[in-house]
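Colleague: what would the 3D arrangement of this be:
(one chain, ligands or ions: 1)
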Amino acid sequence: MNVRLGDVAPDFKADTTQGSISFHDWLGDSWGVLFSHPKDFTPVCTTELGYVAKIKPEFDRRNVKVIGLSVDSVDSHEKWETDIAETQGTAVNFPMIGDPDRTVSNLYDMIHPNASDTMTVRSVFIIGPDKKIKLTLTYPASTGRNFDEILRVIDSLQLTAKFKVATPANWENGGDVIIGAVVTDEEAKKLFPQGWKTVKPYLRVLAQPTQ
Ligand code: BEZ
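Modeller: All right, here's what the predicted structure looks like:
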């Protein structure tokens, strides 16, 4: 199944390293990051899982729940976690879904047969509190992801959910933002009385709003 931006994230029940979950219930009112890795006991995946564990407080601070997945079993995940703690210096502190029957992998189109028949690709889905898909990413097995970029996108998503703004290329939290293209100057005057800089009529820049 193709999962696209704006779709409701498919719901499922699954076994994880922290017990059985119903995905939507587990998300509750939080944002969510669901990400797959190709295989347990592999090098790049080991570094990824360790890094996510290290920056988990950053996800918590943003009210984001993180959950991993591969087609390996929960039992295998649990054994691998010992290696991750030993080699990456942080114990895995978020649940990992065991998906040997590929229920979730198929629901989220995480197996790309022309890349591999047997392993999930490196997928990332960011899910909003409305349970809708806000971002999808797909990386190959050979390239570890930049999870700081995932945090950056979450900052942008949370800001743009609150204000009628968009964030420019390489924006970081605190940087200047752009007034959304659908906002007229009349509306902008009410929304942003502090003013903005018009670079072009379609490119209006302002300091990041804070309230
Ligand atoms: C890795 O994590 O290093 C990896 C996993 C599956 C295939 C290739 C590399």
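
Colleague: from here on, just use CA atoms for contacts and neighbour counts.
Modeller: OK.

Colleague: hey, where'd the strands end up in the protein?
Modeller: With DSSP state E, the ranges of strands along the chain come out as 13-16, 19-22, 31-36, 64-70, 96-98, 122-127, 133-139, 165-166, 177-179, 197-200, 203-206.

Colleague: show me what contacts Arg102?
Modeller: Val71 (C-alpha atoms under 8 Å, 6 or more residues apart in numbering).

Colleague: tell me the pLDDT at it?
Modeller: pLDDT for Arg102: 97.

Colleague: make 32 the starting number, not 1.
Modeller: With 32 as the first residue, the last one maps to Arg133.

Colleague: quick check: it vs Thr151, distance?
Modeller: Distance of Arg133 to Thr151, given as C-alpha to C-alpha, to the nearest Å: 9 Å.

Colleague: so what's Gly120 closest to, chain neighbours aside?
Modeller: Once flanking residues are discounted, Gly120 sits nearest to Gly81: 7.4 Å by C-alpha to C-alpha, 6 or more residues apart in numbering.

Colleague: residue contacts, that neighbour?
Modeller: Applying C-alpha under 8 Å, 6+ apart, the residues near Gly81 are Ile115, Ala116, Gln119, Gly120, Thr121, Ala122, Val123.

Colleague: of those, closest to Ile86?
Modeller: Thr121 (9.8 Å; C-alpha to C-alpha).

Colleague: what about that closest one, neighbour count?
Modeller: 18 (other C-alpha atoms under 10 Å).

Colleague: that one: what's it in contact with?
Modeller: Residues counted as contacts of Thr121 (C-alpha under 8 Å, 6+ apart) are Gly81, Ala84, Lys85, Ile115.

Colleague: one more pass at 10 Å, please.
Modeller: Leu80, Gly81, Tyr82, Val83, Ala84, Lys85, Ile86, Glu112, Thr113, Ile115 (C-alpha atoms under 10 Å, 6 or more residues apart in numbering).
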